[in-house]
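Student: okay, predicted coordinates and the sequence, questions at the end:
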Amino acid sequence: MRNMRLVLPLAILFICISAPAMAEHPYDEHAWSKDDIKVMRGLWLSSLPPLPVDPSNKYSDDSRAVALGKKIFSDARFSGNKQVSCATCHRPDYGYTDDLPLAHGLGFTRRRSMPLAGLAYSPWLFWDGRKDSLWSQALGPIESKVEHGISRTMAASLIYANYRADYEAIFGPLPDFLQDDLAANARPATDDPMAQAAWDAINPAEQKQINNVYANTGKAIAAFVRLILPGESRFDRYVAALTDGNRQALPTILSTNEALGLRLFIGKAKCINCHNGPLFTNFDFHNVGVEPGKDSVVDTGRAEGIDQVRADEFNCLGGYSDAGKGDCAELRFMDPDKTRNRGAFKTPSLRNVAQRPPYMHAGQFASLKDVLNHYSTVKPNGIISQELTHQGMTGEELQEIDAFLHSLTGDISAP
Amino acid sequence: MERMIMKKIWPLLLLLLVTGCAAAIETTNVPDDHHDGTADHSHFTQHYKSSLFKLTAGKGYSVELVNAASEFKVGENSINLIFHDNNDRDVTGAVVQVVPWMVLHGHGSPVEPTITERGGGAYSVSNLVLSMVGPWELRVSIAKDGRKEMAVFLVPVGFKDDAAGHSHKKIDYDKLDYATTMLSANGTFKLSYTPDITEIRLNKIHSWRLKLETADGKPVIGAQIRVSGEMPEHGHGLPTVPQITDDLGNGEYLCQGMKFNMPGFWRVFLEIYAGGVSDKVTFNIRM
């Protein structure tokens, strides 16, 4: 009887103390459902499968090829003005990309340099996927007038002059004719009639040998690039703690805002539709409604990449590939529909994304805030599909996602 | 002794009651509260956490779209719009219009919605007829004191049950059959698939070994099979074009080029033509 008189006031006391607490934090930011945890483990760096060996490059895993590739990667002699190497646009100090909206070698290209970490896992290279292997990708910029601006013939001559011993130890003897004074600017070229004419003047047997040396050069570069990999981020440590059941550590790893951002990323904001898997990309092509950059013309993206990758003499099914026919599934079964793929670009990895503005295929967005604002307001245009549209994210929510993206930063390892 | 304690406790409890519970109410109902007229011009109050919230293009007003039904359905819908000016005050006496627009098809609604001012900055929008499944724009304009501003909300209507968007049913994922052996739609065939990887992972291109039988278990040889797929919630297909590349004999076939590039619910369709008969098998897959 005595106790009953205290129960009611104490009950009210309890409610009034705890109610504000419950209202301000309607849920625990670090409490996750089983499904959430499953999704997060899918994004975890530790879930990354073993580093793939490219069946089209039998030197993928050859440490001598890695060493040679690393040297060539920063060798500016492989350019028209002796100032451009792969490292010029794929800067080791900037996530193996650069900070320009449009890449610049000898001149401006029409697209942004892409970051290289984790690309060994990507079936397609470039924003439009016009190359299907790391080694064939490396060969593109070398012959591009606005990038390195030389030809395969000159590249082969440079190999002969500067890397003969290294090359021959891996790939076998270089053809003798490379020591002759070859026409420097000789390549199959739809954009350079003189280069095409010079190429046509070379006999077919020698053309093939030049192509072989060129392909092998790409394979060495690819062996090096294959080993450029993203390292552990705070997000990964968070998932590790979650997996260990270490509940107390969670708020010390990700802040409240970051955890809220993560919740949005895998939930309401639907980022994982495309930014999924341990590298935060499905490596696929999507039209996200980004207008062309102010200096660039309309870019149809994957729609133009489809024909190019099929026609590429250095693709998986081509004569310089080491792949067996059963190995080229991505190329053989790719979606060739140009209407569907018009304006679609390859999803980049979000690891270290906060470290490398600007963003999108022509560097249209200077900051992640701009990217997030775009996603929260983009409208369908007949091609953008429903998975992209968002139910009006608030400014606060966009800030939380921004905060979360900053937790994806980690060291990049490279040979 | 008890009486003394009780006398002291009650006022204390009353105080806590007022401040504590008021704080609770305030936080739950008005999360970004500066609703006292002293707000800075960049801050607008959103009343309901689950509403759609936007600023007009000229940033003069905030528009909050509240749908009590939480989903838009094909046919008639009713919503409320709440407007604040950039002093975060309720906007009354404005002329509000809502024009629905289906961007993918380039047409509007057959009927003009009815707008009624409710006071306190709120305007009800009834008879909002959204006549088809798919994404709709709701183009909201507000005119007051000679100034007109606009905000556009994008809302999904109905629920696409297939890529063509014909059905309006919502899929109950837990009730579906995710078996790797299924009967075809008309019961003609039984089809099983076995992936060549131990677990289907996102973004991993792989093959399916198919085993095609009649409903009573006899192998079906020499069949033609066409493979397609979709994510019904998104309205897009598979990221690849899988093909039957090998007839392995005895009713077994190799399908190469299978790939799933997004988490969520997928359907894979296998159209079969054998012995003069056509039928279709659907597999449900949850990534």
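Tutor: On my side now, so go ahead.
Student: the stretch 1-150 of chain B: strands as residue ranges?
Tutor: B:52-55, B:61-66, B:75-85, B:95-102, B:107-108, B:114-119, B:122-130, B:134-144, B:147-157 (DSSP state E, counting those that start in this stretch).
Student: for chain A, which of the ones you listed is the nearest?
Tutor: Nearest of the strands of the stretch 1-150 of chain B to chain A, taken as CB to the nearest CB: strand B:52-55 at 4.1 Å. From N, CA and C alone the C-beta is placed, and that goes for glycine too.
Student: check whether the closest one contacts chain A.
Tutor: Yes. Applying CB under 8 Å from any CB of the partner chain, one finds strand B:52-55 touching chain A at B:52-54.
Student: buried set for stretch B:48-60?
Tutor: Buried positions in stretch B:48-60, judged by neighbour count with 16 or more other CB atoms under 10 Å in any protein chain shown: B:48, B:51-56, B:60.
Student: sketch out the low-pLDDT regions of the chain for me.
Tutor: With no chain named, the answer covers chain A. A:1-27, A:295-296, A:379-387, A:389-391 (pLDDT under 70).
Student: um, chain B though
Tutor: For chain B, the ranges with pLDDT under 70 are B:1-43, B:49, B:103-105, B:158-170.
Student: what residues are up against the residue nearest to residue A:234 when sequence neighbours are not counted?
Tutor: Setting aside the residues directly before and after it, residue A:234 is nearest to residue A:407 in space (CB to CB, 6 or more residues apart in numbering or on different chains), at 4.4 Å. Applying CB atoms under 8 Å, 6 or more residues apart in numbering or on different chains to residue A:407 gives the contacts A:233-235, A:238, A:254, A:258, A:262.
Student: ok, back up a step: quick check: which of the strands of the stretch 1-150 of chain B is buried the most?
Tutor: Stretch with highest mean neighbour count among the strands of the stretch 1-150 of chain B: strand B:61-66 (a mean of 22; mean count of other CB atoms under 10 Å in any protein chain shown).
Student: tilt between that one and strand B:95-102?
Tutor: 60 degrees (axes from the mean of the first three to the mean of the last three CA atoms, to 10 degrees).
Student: the residue nearest the centre of chain A: what's it in contact with?
Tutor: Taking CA atoms, centre = their mean, the centroid of chain A lies closest to residue A:348, which sits 4.3 Å from it. Taking CB under 8 Å, 6+ apart, we find residue A:348 in contact with A:114-115, A:281.
Student: let's see that with 10 Å instead.
Tutor: A:97, A:112, A:114-115, A:118-119, A:122, A:127, A:274-275, A:279-281, A:283, A:356, A:359-361 (CB atoms under 10 Å, 6 or more residues apart in numbering or on different chains).
Student: what do you get for residue A:300?
Tutor: Contacts of residue A:300 (CB under 10 Å, 6+ apart): A:128, A:287, A:306, A:338, A:341-345.
Student: how about these in a markdown table, adding neighbour count?
Tutor: Below are these laid out as a markdown table (neighbours: other CB atoms under 10 Å in any protein chain shown):
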| residue | neighbour count |
| --- | --- |
| A:128 | 24 |
| A:287 | 23 |
| A:306 | 21 |
| A:338 | 15 |
| A:341 | 24 |
| A:342 | 16 |
| A:343 | 21 |
| A:344 | 24 |
| A:345 | 24 |
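Student: now the residue in the stretch 251-400 of chain A that chain B sits nearest to. Nearest residue, chain neighbours left out?
Tutor: Nearest residue of the stretch 251-400 of chain A to chain B (CB to the nearest CB) works out as residue A:333 at 2.6 Å. In this structure, residue A:333 finds its nearest non-sequential neighbour in residue B:257, 2.6 Å apart by CB to CB, 6+ apart.
Student: burial of the one you found, as a residue count?
Tutor: Residue B:257 has 23 neighbours, counted by other CB atoms under 10 Å in any protein chain shown.
Student: can you tell me the SS state at it?
Tutor: strand (DSSP: H, G, I helix; E, B strand; the rest coil).
Student: what about residue 273, neighbour count?
Tutor: Reading this off chain A. 21.
Student: sorry, should have said chain B
Tutor: 12.
Student: wait, a strand at it?
Tutor: Yes. The assignment for residue B:273 is a strand, going by three-state DSSP.
Student: so how far is chain A from it?
Tutor: Note on residue B:273: its distance to chain A, by CB to the nearest CB, to the nearest Å, is 21 Å.
Student: test my guess that residue A:258 contacts residue A:235.
Tutor: Yes. Residue A:258 lies in contact with residue A:235 (CB atoms under 10 Å); the separation is 8.2 Å.
Student: any shared contact partners between those two?
Tutor: Joint contacts of residue A:258 and residue A:235 (CB under 10 Å, 6+ apart) are A:404-407.
Student: make CSV from those residues and add secondary structure to it.
Tutor: Output for those, formatted as CSV (three-state DSSP):
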residue, secondary structure
A:404, helix
A:405, helix
A:406, helix
A:407, coil
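Student: out of these, who's nearest residue A:298?
Tutor: Each of these was scored against residue A:298 by CB to CB, and residue A:405 proved nearest at 28.5 Å.
Student: pretty sure that closest one sits against residue A:357.
Tutor: No. The criterion here is CB under 10 Å, and residue A:405 misses it with residue A:357 at 11.5 Å.
Student: these two: which has the busier surroundings?
Tutor: More crowded of residue A:405 and residue A:357, by other CB under 10 Å: residue A:405, with 25 against 15.
Student: returning to what we had before: need the max-distance pair from the buried residues of stretch B:48-60.
Tutor: Farthest pair in those, by CB to CB: B:48 and B:60, 21.7 Å.
Student: isn't residue A:149 up against residue A:104?
Tutor: No. Using CB under 10 Å, residue A:149 makes no contact with residue A:104, being 11.9 Å away.
Student: contacts only, for the closest residue to residue A:394 other than its chain neighbours.
Tutor: Counting by CB to CB, 6+ apart, residue B:53 is the residue found nearest to residue A:394 once chain neighbours are left out, at 5.9 Å. Applying CB under 10 Å, 6+ apart, we find residue B:53 in contact with A:391-395, B:32, B:44-47, B:62-66, B:82, B:151, B:153.
Student: now do the helices in chain B.
Tutor: For chain B, applying DSSP state H gives helices covering B:2-29.
Student: from the centroid of it, which residue is nearest?
Tutor: residue B:156 (6.2 Å).
Student: how about that residue, nearest residue that isn't a chain neighbour?
Tutor: Closest to residue B:156 by CB to CB, 6+ apart is residue B:135, at 5.5 Å.
Student: next one: residue A:54
Tutor: residue A:60 (4.7 Å).
Student: same check on residue B:65?
Tutor: Leaving aside its chain neighbours, residue B:65 sits nearest to residue B:52 (4.1 Å; criterion: CB to CB, 6+ apart).
Student: pretty sure that neighbour sits against residue B:66.
Tutor: Yes. Using CB under 10 Å, residue B:52 makes contact with residue B:66 at a distance of 8.1 Å.
Student: overlap in contacts of the two?
Tutor: The overlap between the contact sets of residue B:52 and residue B:66 (CB under 10 Å, 6+ apart) consists of B:79, B:81.
Student: need the residues of the stretch 101-250 of chain A near chain B, please.
Tutor: Within reach of chain B by CB under 10 Å from any CB of the partner chain, the stretch 101-250 of chain A has these residues: A:121-123.
Student: change it to 8 Å
Tutor: Applying CB under 8 Å from any CB, we find that the stretch 101-250 of chain A lies next to chain B at residue A:123.
Student: tell me how many other residues crowd the residue in the stretch 101-250 of chain A that chain B sits nearest to.
Tutor: Nearest to chain B, among the residues of the stretch 101-250 of chain A, is residue A:123, at 7.3 Å (CB to the nearest CB). Per other CB under 10 Å, the neighbour tally for residue A:123 reads 20.
Student: enumerate every residue touching the closest residue to it other than its chain neighbours.
Tutor: If the residues on either side of it in the chain are set aside, residue A:123 comes closest to residue A:330, at 4.1 Å by CB to CB, 6+ apart. Going by CB under 8 Å, 6+ apart, residue A:330 touches A:123-124, A:132, A:316, B:205, B:240.
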